[in-house]
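Visitor: Sequence first, then the predicted structure, then my questions.
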Amino acid sequence: MTSIADLRKSYERAELNEDASHADPLKQFAHWLDEAIQSKLPEPNAMTLATVGSDLRPSTRVVLVKGFDARGIVWYTNYDSRKGQELAGNPYAALQFHWVELERVVRIEGLVTKVDDSESDAYFHSRPLDSRIGAWASPQSQVISGRAVLVANAARYGAQFLLQPPRPPHWGGYRLRPDSWQFWQGRKSRLHDRLRYTLQPGGNWARERLAP
């Protein structure tokens, strides 16, 4: 049996330097995300979301980014879930993308707010029918007695709403407005490239290199 302490990988695919990176971190992120998509990576829009509850214990989970622009990074979820409750008490969060095959990581931090109802409605109604029913059927993060609860809930709401389920009041979008970005590119000998962008007064970004 191989010891996990002996697992090694040499990162040699690419580099990240100040001259070749965008001065705007959103453009750098869009470029890297597009390369992840074009490389046909599995779920390139998957990101880890970290929140902190009132007990000061951090928690993480994987969610899917569903939009991004100058206003921030958007995902959708159940507002009553653990992450929703933690964001209600502490609206700051961190995101991380890890594109293993490209040897890249992007870390993002900032303030989180709910998206407008109209934006949540539009996205909800673009989802497949079973996903819309699922948003009603799952009391996310709550203890249930078994999978039969979910199946029964889905059947009940499917019969109630048929083909036109409305968006549940407990379901919608969040938007993280970044004030800090980090871009990490694996390099040989663990001398990785790591650039941090920090939002400055007036809206400009300061870019600096961090030791790996």
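Guide: That came through, no problem. Numbering: from 1, shown residues only.
Visitor: In contact with the residue nearest to Leu33 when sequence neighbours are not counted, which residues?
Guide: Among residues not flanking Leu33 along the chain, Pro44 sits closest, at 6.6 Å (Cβ to Cβ, 6 or more residues apart in numbering). Backbone N, C-alpha and C define where each C-beta goes, glycine included. Neighbouring residues of Pro44 by Cβ atoms under 8 Å, 6 or more residues apart in numbering: 33, 36-37, 99.
Visitor: nearest to Arg13, of these?
Guide: Of all the contacts of Pro44, Trp99 has the smallest distance to Arg13: 10.4 Å, by Cβ to Cβ.
Visitor: Spatially, what comes nearest to the closest one if we skip its sequence neighbours?
Guide: Trp99 sits nearest to Ala36 (Cβ to Cβ, 6+ apart), 4.7 Å away.
Visitor: hang on, that neighbour packs against Val100?
Guide: No - Ala36 is beyond contact range of Val100, at 10.2 Å (criterion: Cβ atoms under 8 Å).
Visitor: Quick check: phi and psi at the residue nearest to Trp99.
Guide: As for Ala36, its main-chain torsions (degrees, to the nearest 10) stand at phi -70, psi -40.
Visitor: What distance do you get for it to Phe124?
Guide: To Phe124, Ala36 is 26 Å away according to Cβ to Cβ, to the nearest Å.
Visitor: Same question for Ser145.
Guide: Distance from Ser145 to Phe124, by Cβ to Cβ: 28 Å.
Visitor: neighbour-wise, which of the two wins?
Guide: Remark: of Ser145 and Phe124, Phe124 carries more neighbours, 19 against 6, as counted by other Cβ atoms under 10 Å.
Visitor: After the one helix or strand that one maps to, which helix or strand is next? Please name it.
Guide: Using DSSP states H and E, Phe124 falls within helix 117-126. Downstream of helix 117-126, the next assigned helix or strand under DSSP H and E is helix 129-137.
Visitor: Centre of the chain to that next one, how far?
Guide: 21 Å (Cα atoms, centre = their mean, to the nearest Å).
Visitor: Sounds good, over and out.
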